[in-house]
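> model this:
(chains A and B)
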Amino acid sequence: MAALVIAEHDNAHVKGATLNTVTAAAACGGEVHVLVAGHNAGAAAQAAAQIAGVAKVLHADAPGFEHGLAENVAAQVVAIVEKSAGGYSHIVFPATASGKNVAPRVAALLDVAQVSDIIKVIAPDTFDRPIYAGNAIATVQSSDKIKVITVRTTGFDPAAASGGSAAAETVAAVDASTNATFVGSEIAKTDRPELTAAKIIVSGGRAMGSSDKFNEVLVPLADKLGAALGASRAAVDAGYAPNDWQVGQTGKIVAPQLYIAAGISGAIQHLAGMKDSKVIVAINKDPEAPIFSVADYGLEADLFTAVPELVAAL
Amino acid sequence: MKVLVPVKRVVDFNVKVRVKSDGTGVDIANVKMSMNPFDEIAVEEAVRLKEKGAVTEVIAVSCGITQCQETLRTAMAIGADRAILVETSEELQPLAVAKLLKALIDKEQPGLVILGKQAIDDDNNQTGQMLAALAGLPQATFASKVEIVDGHANVTREVDGGLETLKVKLPAVITTDLRLNEPRYVTLPNIMKAKKKTLDVLKPADLGVDVASRIKVLKVSEPPKRSAGIKVPDVATLVSKLKNDAKVI
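All right, here's what the predicted structure looks like:
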């Protein structure tokens, strides 16, 4: 029996979340296979074959996979699982926007339950996963023959992106659905690291006061540290930062080496998204701010003077 | 066109839950229960679509214990026209809920199903996608904007790195993200009106659905605690700590 990892990719490259997912799949005990369902995605399939620990890459190529539509990708996964000679015991997705979109569709088509957002593999059928925004950890056991899983990437180290030499096999693409079509996307182009993969994150809260101030104060610090930018829900709701910068229960879950929270009070919602960071720095002028209760280093200061000082001192 | 809006009764988002000392779950005795916030956004969106004339009837549905009727009354106070409770005291997992909802789709034939992207108790983020799969419908998850045009829904979705727009043919399943809308404040007259609206009660067996759990919770434990570190007096000390002690810069 093997585990099938559904790669997250942009047709040219395999995204970082795939590497953590491979590690989680390997922990389930069997061989690890990776599916790259894309359009003109030969380069991504090649990259997947280089990942350490991957035994086989399955490459399905068709226009319907270009934007990762759930209807098409789920149908492809089910077709592969049903035709597989050896059978798959685990189907493993990263718990990213696209993984979360597709995985339950696969589970329902196979009539199995899904285990969402695992942070630990206890046994091939038993996993730890956070519930109640991370305020409790449930240890759950699946009785289904096939386990469909999404993986919280911060819970697993990334597999090495090179060193592997898996065979790549082309699989027949399923017919595309005509009920859903991709219209367009607005993906911010940035040279910064991706929020969920960044080693350092600089994050701002409501205290930033405006979008202009947010950029004026935090961008120089992020530039200096080569960091990704994040924000609290309050800052996003106030329009100081774009939606996809939101760190927290309902936004991104991050665990960088260094998380710098500037002007963030530390609502439970926000802490749920960043409390697994290795080192947390909090800069806040309110000595009672809950963020100080999780910070390794707390600086009680006005961020508008402290952050520029920090930029100058680095 | 009818819209079906599934809603879940959950521990209120302001309540900080405690893990029970015997590790069997979290303590929800005597805590405030409310409608899952994402589902509230779904009800609001459905009601707005009705106000715009894009839909004719909004049907709220909940699956669970008798007290879910309160959640359905809230949905009707926001503006849902009627409600259905699939009543059971069994613990329901997302696949079972999706099967119950699929049976209701067969019965009610809605043109659209709108529900929250996830419930804030189990944080599963599964039910909408599972329902779409079981009913053979297209899906548009994590919606931040919905427009109904000529038998289709144009849905802007929140994805990693930004936004994406899909066009799905109706009937379809849409799941809501945080910024789709801000639910209205429920007024007393509307609460009174909601009490008079129809609320039908069914059993899972009436819908021919087996709701047995596939996943067993072995234990629930406290997450590892993170302890507070130190306060530093100034930026220079902070930089020195980060360089020399933590070695992260």
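
> once you drop chain neighbours, what's closest to the spatially most central residue of chain B?
Closest to where the C-alpha atoms of chain B average out (C-alpha atoms, centre = their mean) is residue B:116, at 3.2 Å. Spatial nearest neighbour of residue B:116, chain neighbours left out: residue B:38 (2.6 Å); criterion: C-beta to C-beta, 6 or more residues apart in numbering or on different chains. For every residue, glycine as well, the C-beta is placed using N, CA and C.

> just residue A:224 next, same as before
Nearest to residue A:224 is residue A:314, by C-beta to C-beta, 6+ apart, at 5.1 Å.

> so for the biggest strand by length in chain B, mean pLDDT?
Ranked by number of residues, the top strand in chain B under DSSP state E is strand B:139-149. Averaged over strand B:139-149, pLDDT sits at 97.

> what strands flank it, and is each parallel or antiparallel?
According to DSSP bridges, strand B:139-149 forms sheet pairs with strand B:152-159 (antiparallel), strand B:172-176 (parallel).

> could you dump the ones you listed into CSV and include distance to residue A:127, mean pLDDT and mean neighbour count?
Formatted as CSV, the strands paired with strand B:139-149 follow (distance: least, C-beta to C-beta, whole Å; pLDDT from 0 to 100; neighbours: other C-beta atoms under 10 Å in any protein chain shown):
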stretch, distance to residue A:127, mean pLDDT, mean neighbour count
strand B:152-159, 25, 96, 22
strand B:172-176, 23, 98, 28
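
> just send those back as JSON lines, with distance to residue A:214 too.
Converted to JSON lines, the strands paired with strand B:139-149 look like this (distance: least, C-beta to C-beta, whole Å):
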{"stretch": "strand B:152-159", "distance to residue A:214": "19"}
{"stretch": "strand B:172-176", "distance to residue A:214": "26"}
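
> out of those strands, which gets nearest to residue B:13?
strand B:172-176 (14.9 Å; C-beta to C-beta).

> which residues touch the very next helix or strand once past that closest one?
Next in sequence after strand B:172-176, counting helices and strands by DSSP states H and E, comes helix B:188-195. Residues outside helix B:188-195 that contact it (C-beta atoms under 8 Å, 6 or more residues apart in numbering or on different chains) are B:73, B:74, B:76, B:77, B:78, B:79.

> what comes up buried for helix B:188-195?
Buried positions in helix B:188-195, judged by neighbour count with 16 or more other C-beta atoms under 10 Å in any protein chain shown: residue B:194.

> cool, stretch B:73-93 as well?
Using 16+ other C-beta under 10 Å as the test for burial, stretch B:73-93 gives B:73-88, B:92-93.

> strand B:172-176 and whichever strand or helix holds residue B:99, what's the angle between them?
Residue B:99 is part of helix B:94-108 when elements are defined by DSSP H and E. Helix B:94-108 runs at 130 degrees relative to strand B:172-176, counting by axes from the mean of the first three to the mean of the last three C-alpha atoms, to 10 degrees.

> from the contact counts, what lies against helix B:94-108?
Contacts defined by 3 or more C-beta pairs under 8 Å, 6 or more residues apart in numbering or on different chains; DSSP states H and E place helix B:94-108 against helix A:97-109, strand B:2-6, strand B:57-64, strand B:82-87, helix B:127-135.

> quick one: the longest one to chain centroid distance?
Mean-position distance between helix A:97-109 and its chain equals 15 Å (C-alpha atoms, centre = their mean, to the nearest Å).
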